[in-house]
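S.K.: fold the following for me, if possible:
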Amino acid sequence: MHLLREIEKFMRDTNMPWTKFGRLSVRDPRFVEDLRNGRQPGNNISQRVINFMKEWRSDHAC
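M.R.: Numbering: from 1, shown residues only. Have a look, this model is predicted:
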C-alpha cells in the first residue's frame, strides 16, 4: 500500500484539507506536504495514519 496515495484518496472522499488531516491524524499540519516532498514516515506514524482513516470512516459512515 502506498500511504500517500491512500491519504490523497481519503482527503478527496472526505473533502478534508491536507493541513487538517495532518493535524488530526499525527498532530502535524505539514505532514501531508512533507510526504508529498519525499518524507518517509516510520511504521508507528504510518499505523497511526491508517488507524485514523479507519476510525474516521467508521465514525462518519452513513
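S.K.: what's the longest helix in the chain?
M.R.: Criterion DSSP state H: the longest helix present in the chain is helix 43-59.
S.K.: buried set for it?
M.R.: Buried residues in helix 43-59, counted by 16 or more other CB atoms under 10 Å: 45, 49, 52-53, 56. Backbone N, C-alpha and C define where each C-beta goes, glycine included.
S.K.: then stretch 5-24?
M.R.: Neighbour-count burial for stretch 5-24, with 16+ other CB under 10 Å as criterion, is recorded at 7-8, 10-11, 16, 18, 21-22.
S.K.: endpoints of that stretch, how far apart?
M.R.: 18 Å (CA to CA, to the nearest Å).
S.K.: what does it rub up against?
M.R.: Applying CB atoms under 8 Å, 6 or more residues apart in numbering, the external contacts of stretch 5-24 come out as 28-33, 35, 49-50, 52-53, 56, 60.
S.K.: now do the SS call for residue 20.
M.R.: Here residue 20 is recorded as helix under DSSP: H, G, I helix; E, B strand; the rest coil.
S.K.: can you tell me how far it is from residue 42?
M.R.: 22 Å (CB to CB, to the nearest Å).
S.K.: try residue 31
M.R.: 12 Å.
S.K.: ok, residue 6 next?
M.R.: From residue 6 to residue 42 the distance is 16 Å (CB to CB).
S.K.: which single one of the contacts of stretch 5-24 is nearest to residue 2?
M.R.: Nearest to residue 2 among the contacts of stretch 5-24 is residue 35, at 10.2 Å by CB to CB.
S.K.: give the contact list for the closest one.
M.R.: When contacts are counted by CB under 8 Å, 6+ apart, residue 35 touches 3-4, 7, 41.
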